[in-house]
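K.L.:
Pasting a predicted model and its sequence here:
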Amino acid sequence: MNKVQNNRAWLLILPMLLLVAFSAIIPLMTVVNYSVQDVFDAHTRFFTGTEWFEAILNDRSLQAALLRQFAFSFTILAIEVPLGIGIALLMPKRGWQASTVLILITLPLLIPWNVVGSIWQLFTRGDIGLMGVGIRELGYAYNITRNPTDAWATIILMDVWHWTPLIALLCYSGLRAIPDAYYQAARIDRASRWAVFRYIQLPKLTNVLVIGVLLRFMHSFMIYAEPFVLTGGGPGSSTTFLSQTLTTMAIGQRDLGPSAAFSLIYFLVILLVCWVFYTAIMNSQKDATPQGEA
Amino acid sequence: MAQITLKSLAHSYASHPVGPEDYAIREMDHVWQQGGAYALLGPSGCGKSTLLNIISGLLTPSDGQVMFDDQVVNELPPEARNIAQVFQFPVVYDTMTVYDNLAFPLRNVGTPETKVRERVSEVAAILDLASLLKRKARNLTADEKQKVSMGRGLVRDDVSAILFDEPLTVIDPQLKWKLRRKLKEIHERFNITMIYVTHDQLEASTFADKIAVMYEGQVVQFGTPRELFETPAHTFVGYFIGSPGMNFIEIARTDGGARAGTVDLSLPPAMLDVLHQTRSRNLKLGIRPEFVEITDAPGGDTYEVKIEMTQDLGTYRIVSFTFAGETLRARVAEGQPQPERIAHVRFPETQLNLYIDEFRVEVGK
């Protein structure tokens, strides 16, 4: 067969290139542009080089926000992933019970972020909220506007309520995809319930869990609306996460240069962590001895 | 070590079965002798996998009993039955190495590691898996995986029977015979009962000493490959075994004789006696294509037929012809002369089988 060399075929990717340019490349380059300049008005600007980046990286309050952000993301992952797997394992497998449970589980996922914040804001109020009043009745002076621990616990609880269903649904579909023969073979091999989970179910869930963990990490690392509505970042700055800090800086104070530098660092952190997660999980699937006797 | 007895066993997936069509397994009695190599042969949906799952305990039969020696095991779960099963699609524990896979059934019952190592290396040697022991099971080819799942059955020294559920389905053709021979070797080496489910008659007859042919939830014949070929006990066996399958001619009684369509048949007297004793109208004659004789000259016991088609298959030919309105086939050796359009066929008396209500009736000589 003769291979035809025709470079005009490259033109076919032009529409895609345009689309990506407008949706990603141009906005990102704008941010890069801002991050290396100090803009006073439309006509006055100075090139600053890496100044903004240095300032951002050395900013104590931003470092604290970054730490809070990591603490938050890893806490909710540590709760949501095992909990989601557990729920998926307990969910009924067929019949009307399965459909009912599926719908009930999915409900929190259908609620918009800021509505979730509002619901929990009302829910936790000490005067009229069911949870707020309930906890106070039990004798604990629960107050998310005064007590940072209460605020933290509530935000984590809210996120777990909102997003554990995603992990549960992903795992449920992963579990349904395991052929019966695996369970039958395990029974014949006299495997314990734990061994079935450890050697059949968990390995088969790896792929959906990669998706689940990455999605949940990115989501939680960018969380904005829910804590903003629920606590407004307080008390103090105890629940002020990165995205809220960034919004205050960019929209509230119009510090375009520093916030552009901040955005880029934020973006790179997410990229880096996702890459680490992905590589770690994928490496765990590889052969222990890749050069082993073939 | 066990003899497996099925006692008036039946199984229905329906909760309130009414007629026989509700049963995946119709009532049957059957004995699998200790140490035998058996095949369970039948088309898809005939109930062979159901029967296998009942024996291994994955299914509880709705009626009757499964007995291992003298013990009724109906209520025993698979893990308590000392049985191993190899499935159609290879089941391996992906994240474990081949070694850990083979060791898994032993470790589950707390076998000491020294014993585990001894058994695993023994079985790995037999199955040619020794060089793969350190590999993760997920990276194996289909036939290697199937050997691993077989190996998990062999490492246990308490296993009294291994059940195979179409184990070679996903194996490349050129590897199939190798694995089949391996199975045979294993059977000869260990004194284990093996039951092999398949829909492939070649697989069944190369593996098994005795074959149970299943049809619509029943074992219609249990015999050696030779018996299945020469004296099929049911029209289905005749049709299913052999290539092409047996010819069947529907016949009707006449005063003192028998005819097929408009053709009067000359049948042996003993067969006519049987024919006239039954009241059934479902009567068939069966003859293997291998035994149909074709000549160009009419004789005393020949019938004139029209030849429709000849397929040349190298070492033999399949000749299709019309007899009494039905298309029959004859298998003719290469080089044997063959008439062009009109021919005369002879059905040798000794090779004629009589079927009443689809079951073969023994006719005295």
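P.N.:
Structure received.
K.L.:
switch to C-alpha atoms for all contacts and neighbour counts from now on
P.N.:
Will do.
K.L.:
so where does the residue nearest to A:Ser220 when sequence neighbours are not counted fall, helix or strand?
P.N.:
Distances taken as CA to CA, 6 or more residues apart in numbering or on different chains place A:Ser73 nearest to A:Ser220, at 5.5 Å, with adjacent residues excluded. Using DSSP states H and E, the element containing A:Ser73 is helix A:60-90.
K.L.:
which strands and helices sit next to that helix?
P.N.:
For helix A:60-90, the packing partners by 3 or more CA pairs under 8 Å, 6 or more residues apart in numbering or on different chains; DSSP states H and E come out as helix A:148-176, helix A:202-221, helix A:242-247.
K.L.:
Which neighbouring elements make contact with the shortest one?
P.N.:
Judged by 3+ CA pairs under 8 Å, 6+ apart, the packing partners of helix A:242-247 are helix A:60-90, helix A:256-285.
K.L.:
What residues of it count as buried?
P.N.:
Buried positions in helix A:242-247, judged by neighbour count with 16 or more other CA atoms under 10 Å in any protein chain shown: A:Leu242, A:Ser243, A:Gln244, A:Thr245, A:Leu246.
K.L.:
With stretch B:20-30 instead?
P.N.:
Neighbour counts over stretch B:20-30 (16+ other CA under 10 Å) mark B:Asp22, B:Tyr23, B:Ala24, B:Ile25, B:Arg26, B:Glu27, B:Met28, B:Asp29 as buried.
K.L.:
Low-confidence bits of the chain, can you list those?
P.N.:
I went with chain A, as the question did not name one. Counting by pLDDT under 70, chain A shows low-confidence ranges at A:1, A:285-294.
K.L.:
ah, no, chain B please
P.N.:
Scanning chain B for pLDDT under 70 picks out B:1, B:365.
K.L.:
In a strand, B:Gln85, correct?
P.N.:
Yes - assigned with DSSP: H, G, I helix; E, B strand; the rest coil, B:Gln85 falls within a strand.
K.L.:
wait, what's in contact with the closest residue to it other than its chain neighbours?
P.N.:
Spatial nearest neighbour of B:Gln85, chain neighbours left out: B:Leu163 (4.6 Å); criterion: CA to CA, 6+ apart. Counting by CA atoms under 8 Å, 6 or more residues apart in numbering or on different chains, B:Leu163 touches B:Leu52, B:Ser56, B:Ile83, B:Ala84, B:Gln85, B:Val86, B:Met194, B:Ile195, B:Tyr196, B:Val197.
K.L.:
now, which of those residues sits nearest chain A?
P.N.:
Closest approach between the contacts of B:Leu163 and chain A, by CA to the nearest CA: B:Ala84, at 6.2 Å.
K.L.:
For the closest one, give me its contacts.
P.N.:
A:Ile188, A:Asp189, B:Ser56, B:Arg152, B:Gly153, B:Val159, B:Ala161, B:Ile162, B:Leu163.
K.L.:
The residue nearest to A:Ser220 against A:Ile223, yeah?
P.N.:
No - counting by CA atoms under 8 Å, A:Ser73 does not reach A:Ile223; the two are 9.3 Å apart.
K.L.:
Just give me the residue right at the centre of chain B.
P.N.:
Centroid-nearest residue in chain B, with CA atoms, centre = their mean: B:Leu41, separated by 2.2 Å.
K.L.:
buried sites along the helix or strand immediately after the helix holding A:Ser73 in the chain?
P.N.:
The C-terminal neighbour of helix A:60-90 among helices and strands, as given by DSSP H and E, is helix A:96-106. Neighbour-count burial for helix A:96-106, counted by 16+ other CA under 10 Å, picks out A:Leu102, A:Ile105, A:Thr106.
K.L.:
One more: stretch A:129-139?
P.N.:
Across stretch A:129-139, burial judged by 16+ other CA under 10 Å covers A:Gly129, A:Met131, A:Gly132, A:Val133, A:Gly134, A:Ile135.
K.L.:
which two in those are spaced the farthest apart?
P.N.:
Largest separation among these by CA to CA: A:Gly129 and A:Ile135, giving 9.9 Å.
K.L.:
thinking again about what came up before, tabulate the buried residues of helix A:242-247 in a markdown table, adding columns for distance to B:Pro17.
P.N.:
Below are the buried residues of helix A:242-247 laid out as a markdown table (distance: CA to CA, whole Å):
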| residue | distance to B:Pro17 |
| --- | --- |
| A:Leu242 | 65 |
| A:Ser243 | 64 |
| A:Gln244 | 66 |
| A:Thr245 | 69 |
| A:Leu246 | 69 |
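K.L.:
and of the residues you listed, the nearest to B:Ile294?
P.N.:
Of all those, B:Ile294 sits closest to A:Ser243, with 91.1 Å by CA to CA.
K.L.:
how much space is there between the closest one and A:Asp59?
P.N.:
Computed as CA to CA, to the nearest Å, the A:Ser243 to A:Asp59 distance reads 15 Å.
K.L.:
what about the residue in the stretch 101-250 of chain B that chain A sits nearest to, neighbour count?
P.N.:
Closest approach between the stretch 101-250 of chain B and chain A, counting by CA to the nearest CA: B:Pro105, at 4.7 Å. Using other CA atoms under 10 Å in any protein chain shown, B:Pro105 has 23 other residues around it.
K.L.:
again with the one 4 residues further on
P.N.:
The number of residues packed near B:Val109 is 12, by other CA under 10 Å.
K.L.:
ok now do it, which residues does it touch?
P.N.:
For B:Val109, the contact set (CA under 8 Å, 6+ apart) comprises A:Arg190.
K.L.:
isn't there a helix covering it?
P.N.:
No - with three-state DSSP as the criterion, B:Val109 is assigned coil and is not in a helix.
K.L.:
Chain B: helices as residue ranges?
P.N.:
In chain B, the segments counted as helices under DSSP state H are B:48-56, B:98-107, B:113-126, B:142-154, B:173-189, B:201-207, B:225-230, B:235-240, B:269-277.
K.L.:
Could you check the angle the helix holding A:Ser73 makes with helix A:96-106?
P.N.:
170 degrees (axes from the mean of the first three to the mean of the last three CA atoms, to 10 degrees).
K.L.:
May I see the buried residues of helix A:60-90?
P.N.:
Neighbour-count burial for helix A:60-90 flags A:62, A:64-66, A:68-70, A:72-74, A:76-77, A:80-81, A:83-85, A:87-89 (criterion: 16+ other CA under 10 Å).
K.L.:
Report the angle between that helix and helix A:256-285.
P.N.:
Relative orientation of helix A:60-90 and helix A:256-285, computed by the same axes, to 10 degrees: 40 degrees.
K.L.:
Next, give me the two most distant ones among the contacts of B:Ala84.
P.N.:
For the contacts of B:Ala84, and using CA to CA, no pair is farther apart than B:Ser56 and B:Arg152, which are 15.1 Å apart.
K.L.:
neighbour count winner among these two?
P.N.:
Neighbours were counted for B:Ser56 and for B:Arg152 using other CA under 10 Å; B:Ser56 has more, 28 against 25.
K.L.:
and the more buried one, what is it in contact with?
P.N.:
B:Pro78, B:Arg81, B:Ile83, B:Ala84, B:Gln85, B:Leu163.
K.L.:
And for B:Tyr99?
P.N.:
B:Val120, B:Leu133, B:Lys134.
K.L.:
Of the residues you listed - the most surrounded one?
P.N.:
With neighbours set by other CA under 10 Å, the maximum within these is found at B:Val120, which has 27 neighbours.
K.L.:
isn't it right up against B:Asn101?
P.N.:
No - judged on CA under 8 Å, B:Val120 makes no contact with B:Asn101 at a distance of 9.4 Å.
K.L.:
Need the distance between the two termini of stretch A:234-247.
P.N.:
Taking CA to CA as the criterion, the two ends of stretch A:234-247 lie 15 Å apart.
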